[in-house]
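Asks: I'll drop the sequence and a predicted model, then ask my questions.
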Amino acid sequence: GPSIEVHSDTSVTTGNIDSAQDVVIRSDGWIELGNATAGDSISLDSGGTLTVGNMDAATDVVATAGSDFLLADVLAGGSIELTADGLAEFVGLVSAPELTVTSADINIGEGASLGEHGVTQLLTLNAVSDNPVIIGNDGSIVGTDAVQYTLDEDGDIASDTVLINAIAAGDGPAPDIHVHDVEIEGSQTDGGGVSHVALNTEGSVMVEGLVLYSGAAASDLLQINAGETIQVNTSNGGRIAMIDGGEEPSGILELTADNIWVADDALLDNLAENPDFAGRDEALATNNGPANPEGNLIAGGMLLATG
């Protein structure tokens, strides 16, 4: 049929919806919806939780939840823009040429995929938090009942380009990003991979595990952009390695920050307290750990920009 529009000052529960044009649902409370199919676009705006089966739109999908949302398959021919003030949870395939997910936390369930190889060109994840953003397997939490954005998923992330932005939830400073063990499958990976990954924050980025970008083509790009410092903590196994299928250095690593420090835990503490501390140059020239001829930054080419 024609466009379907629902506006409610309470909550909305409905079964499957099929429209030849648009599907528009606005609710001051929660929204629970079966499957939604639209010949044009789907727009959902919930003041509370949002729970939807499958969504399929010829053009765009826009969905906003005042707290958490839970979504199964979401397919669109144009773009998908999803926003949750709480947890963004996915249990199916989310596929469109352009995807944006803005949330306080994220969960991509086992068997689910955020993006689809061969379809998704740009995936943007906006991590909105007053606490550090965690990427990789660590399991730490900053405090009791703290809300913390953690990207360590059982499901898949698939896109040509993946951008991860750490954004302050309120008026405070932008959150730091803590990166633990992470594997990125580059564009030479069988079945498809990513060609460009960027981490962005106005705070600092701490690399505390192995960031392995495997299957990297010579043109693959890994960018880390921080408004303050980038710290690679060698005491905790911090390392960034971009390699091709033959495990040779490949791809381009770009680091941009006021300061870039690759050092052990004690030296990083001294630099954080005073970047110009007495004896700094001698400390930087001294290797307090095992010999590591490959180094802790490995790539086919590098651009390091400071100041």
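Replies: Structure received. Computed from a predicted structure; not experimentally measured.
Asks: how long is stretch 169-183 from one end to the other?
Replies: Start to finish, the residues bounding stretch 169-183 are 28 Å apart (Cα to Cα, to the nearest Å).
Asks: Any buried residues in that stretch, and which?
Replies: Residues of stretch 169-183 classed as buried: 169, 174, 175, 176, 177, 178, 179, 180, 181, 182 (neighbour count, 16 or more other Cβ atoms under 10 Å). Where you see a C-beta, it was placed from the backbone N, CA and C, and this is true even at glycine.
Asks: where does residue 268 land in three-state SS?
Replies: Here residue 268 is recorded as helix under DSSP: H, G, I helix; E, B strand; the rest coil.
Asks: now the strands for the stretch 151-300 of the chain?
Replies: 156-157, 161-167, 177-179, 182-185, 196-201, 205-207, 210-214, 221-226, 229-233, 239-242, 252-257, 259-263, 297-298 (DSSP state E, counting those that start in this stretch).
Asks: so what strands line up beside the last one?
Replies: For strand 297-298, the paired strands and their directions (DSSP bridges) are strand 239-242 (parallel).
Asks: where does residue 119 fall, phi/psi-wise?
Replies: Its backbone dihedrals place residue 119 at phi -120, psi -50, with angles given as degrees, to the nearest 10.
Asks: Tell me the confidence at it?
Replies: You'll see residue 119 listed with a pLDDT of 96.
Asks: what sits against it?
Replies: The neighbours of residue 119, taking Cβ atoms under 8 Å, 6 or more residues apart in numbering as the test, are 95, 96, 97.
Asks: Sort out which residues of stretch 152-168 are buried, please.
Replies: For stretch 152-168, using 16+ other Cβ under 10 Å, the buried residues are 152-153, 155-167.
Asks: between those residues, which is closest to residue 111?
Replies: Taking Cβ to Cβ as the measure, residue 111 lies nearest residue 155 of those, at 6.5 Å.
Asks: roughly how far apart are the closest one and residue 193?
Replies: 16 Å (Cβ to Cβ, to the nearest Å).
Asks: Then residue 86?
Replies: Remark: distance between residue 86 and residue 193 (Cβ to Cβ) = 31 Å.
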